[in-house]
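> Turn this into a model:
(one chain, ligands or ions: 2)
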Amino acid sequence: MSKGIAKRILVTGGAGFLGSHLCAALLEKGYEVLCLDNFFSGRKANIVPLLSNPFFELARHDITFPYSAEVDEIYNLACPASPVHYQFDPVQTVKTCVHGAINLLDLAARIKARILQASTSEVYGNPEEHPQKESYWGRVNPIGIRSCYDEGKRCAETLFFDFHRQYDLPIKVVRIFNTYGPNMSTNDGRVVSNFILQALNGEDITIFGDGSQTRSFCYVTDLIDGLLAAMERSGESPGPFNLGNPEEFTILELAERVISITGSKSKIVFRPLPSDDPRQRKPDITVAKNTFQWSPKVKLDDGLKETARYFREIVRS
Ligand code: NAD
Ligand code: UDP
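Ligands and ions are numbered 1, 2, ... in the order given. Have a look, this model is predicted:
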């Protein structure tokens, strides 16, 4: 990038939940953004507010096929993240993770761009170590219904680190823990959007299992700050970096908070636990804190209120 010219950034999966917030944040920083998406789980509505910006470009493209562009940095977010979506077409999920990673790494190597991979806490599987540190290798079922995503993302991490070692490619791998907020789609199927929509519609809140399993929920603005910091302030370090909120809640506690925040009369009901559902999840974020001084700020109740406000508008309209 020459001095005085804004950086050009490629965001794959830019019409999705996290991608749309990332595109907006990059434009806000004065960069040019090229968003690629095949709209499998993302929505045009998420990026409509960006389309009038002359520094924003959108291309419909499936990253399992090669793509070419001249950019300075690449954020690879393309991949369905909700279990409902990634289990809908598991073979395509593996292709998106693996062929997608190869295509984007090949591109990055050719144009000498720095590339960040949106990996996931799912690489830890159903963890025996708690909280999870980056040094933990995980406990993943290679042949279960979550494997297309978990193993796909693990293989993508392998590819990123092999390109880094073999071709000296500057990479960043971030492992994102459960993140929620506006722009999640109403059919996303993840727990926060499900519970809020059920509460707003006066429907039963569906807890899978007995609700004693735990997750740590990060609000989207914190996560986007973490992605930018990992890309821009982590020096030469490739990661991996855990990004998430270390405050841990049971799914039952989450349901109770959603009911209280929305003032809903919904009842809690219990449904069978899907197979391989991890028992517990809590990031150790010491590496991100020490490397690029990042830690999340938004409390669960505040983030849930913002998210409920967003979904209330959608339910109304
Ligand atoms: P999302 O489903 O809302 O967004 C993913 C986007 O990728 C969608 O717009 C989808 O249409 C697009 N996409 C899917 N396959 C594609 C393909 N083959 N080619 C081009 N585009 C494709 O999910 P999200 O929550 O925004 O997640 C974004 C990324 O962050 C994903 O890679 C996900 O694995 C990772 N992540 C998210 C979370 C979370 O809690 N939100 C947690 C861990 C990891
Ligand atoms: N879950 C639930 N009810 C729902 C959706 C999810 O109880 O309507 C549970 C799910 O079984 C899991 C947790 O909430 O234990 C988080 O699920 P999500 O799909 O949001 O993310 P992930 O399992 O990938 O962490």
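
> Can you show me the strands along this protein?
8-12, 32-37, 56-60, 73-76, 114-120, 171-176, 179-180, 205-208, 214-216, 218-219, 241-243, 248-250, 268-271 (DSSP state E).

> How far does the fourth one sit from its chain's centre?
Translated: strand 73-76. Here strand 73-76 shows a centroid-to-chain-centroid distance of 13 Å under the convention CA atoms, centre = their mean, to the nearest Å.

> Show me which residues of the chain sit near ligand 2.
With CB under 6 Å from any ligand atom as the criterion, the chain meets ligand 2 at residues 82-83, 178, 190-191, 194, 206-208, 213, 215, 251, 274, 277. Every C-beta, even on glycine, is put in place using the N, C-alpha and C of the backbone.

> out of those, which are buried?
Buried residues within these, counting neighbours by 16 or more other CB atoms under 10 Å: 82, 83, 178, 190, 191, 194, 207, 213, 215, 251.

> wait, what's in contact with the residue of the stretch 201-317 of the chain found nearest ligand 2?
At 3.5 Å from ligand 2, residue 208 is the closest residue in the stretch 201-317 of the chain, using CB to the nearest ligand atom. Residue 208 is in contact with 251, 270, 271, 272, 273, 274, 277, counting by CB atoms under 8 Å, 6 or more residues apart in numbering.

> Make JSON lines out of those and add pLDDT.
Output for the contacts of residue 208, formatted as JSON lines (pLDDT from 0 to 100):
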{"residue": "251", "pLDDT": "98"}
{"residue": "270", "pLDDT": "98"}
{"residue": "271", "pLDDT": "97"}
{"residue": "272", "pLDDT": "97"}
{"residue": "273", "pLDDT": "96"}
{"residue": "274", "pLDDT": "94"}
{"residue": "277", "pLDDT": "94"}
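
> okay if I get the residues you listed as a markdown table plus distance to residue 91?
Converted to a markdown table, the contacts of residue 208 look like this (distance: CB to CB, whole Å):
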| residue | distance to residue 91 |
| --- | --- |
| 251 | 29 |
| 270 | 32 |
| 271 | 27 |
| 272 | 25 |
| 273 | 25 |
| 274 | 19 |
| 277 | 22 |
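
> Nearest to residue 259, out of the strands of the chain?
strand 205-208 (6.9 Å; CB to CB).

> does residue 175 really touch residue 117, like I thought?
No - taking contacts as CB atoms under 8 Å, residue 175 lies outside contact range of residue 117: 9.4 Å.

> Look at residue 1 and report its pLDDT.
According to the prediction, residue 1 has pLDDT 47.

> Likewise for residue 15?
Taking residue 15 on its own, its pLDDT is 98.

> Check the one 3 residues further on too.
According to the predicted model, the pLDDT of residue 18 comes to 98.

> what's the distance between it and residue 278?
20 Å (CB to CB, to the nearest Å).

> the more surrounded of the two?
Per other CB atoms under 10 Å, whichever of residue 18 and residue 278 has more neighbours is residue 18, with 24 against 18.

> ok, now which ones touch the residue lying closest to that one once chain neighbours are set aside?
In this structure, residue 18 finds its nearest non-sequential neighbour in residue 77, 5.8 Å apart by CB to CB, 6 or more residues apart in numbering. Applying CB under 8 Å, 6+ apart to residue 77 gives the contacts 11, 12, 13, 14, 16, 18, 19, 22, 118.

> contacts with ligand 1 among the residues you listed, please.
Within the contacts of residue 77, those near ligand 1 by CB under 6 Å from any ligand atom are 12, 13, 16, 18, 19, 118.

> that older thread, any chance of the strands of the chain in JSON lines, with distance to residue 132 too?
Converted to JSON lines, the strands of the chain look like this (distance: least, CB to CB, whole Å):
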{"stretch": "strand 8-12", "distance to residue 132": "26"}
{"stretch": "strand 32-37", "distance to residue 132": "29"}
{"stretch": "strand 56-60", "distance to residue 132": "35"}
{"stretch": "strand 73-76", "distance to residue 132": "22"}
{"stretch": "strand 114-120", "distance to residue 132": "11"}
{"stretch": "strand 171-176", "distance to residue 132": "8"}
{"stretch": "strand 179-180", "distance to residue 132": "15"}
{"stretch": "strand 205-208", "distance to residue 132": "21"}
{"stretch": "strand 214-216", "distance to residue 132": "10"}
{"stretch": "strand 218-219", "distance to residue 132": "14"}
{"stretch": "strand 241-243", "distance to residue 132": "7"}
{"stretch": "strand 248-250", "distance to residue 132": "11"}
{"stretch": "strand 268-271", "distance to residue 132": "26"}
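
> This completes my enquiry, with thanks.
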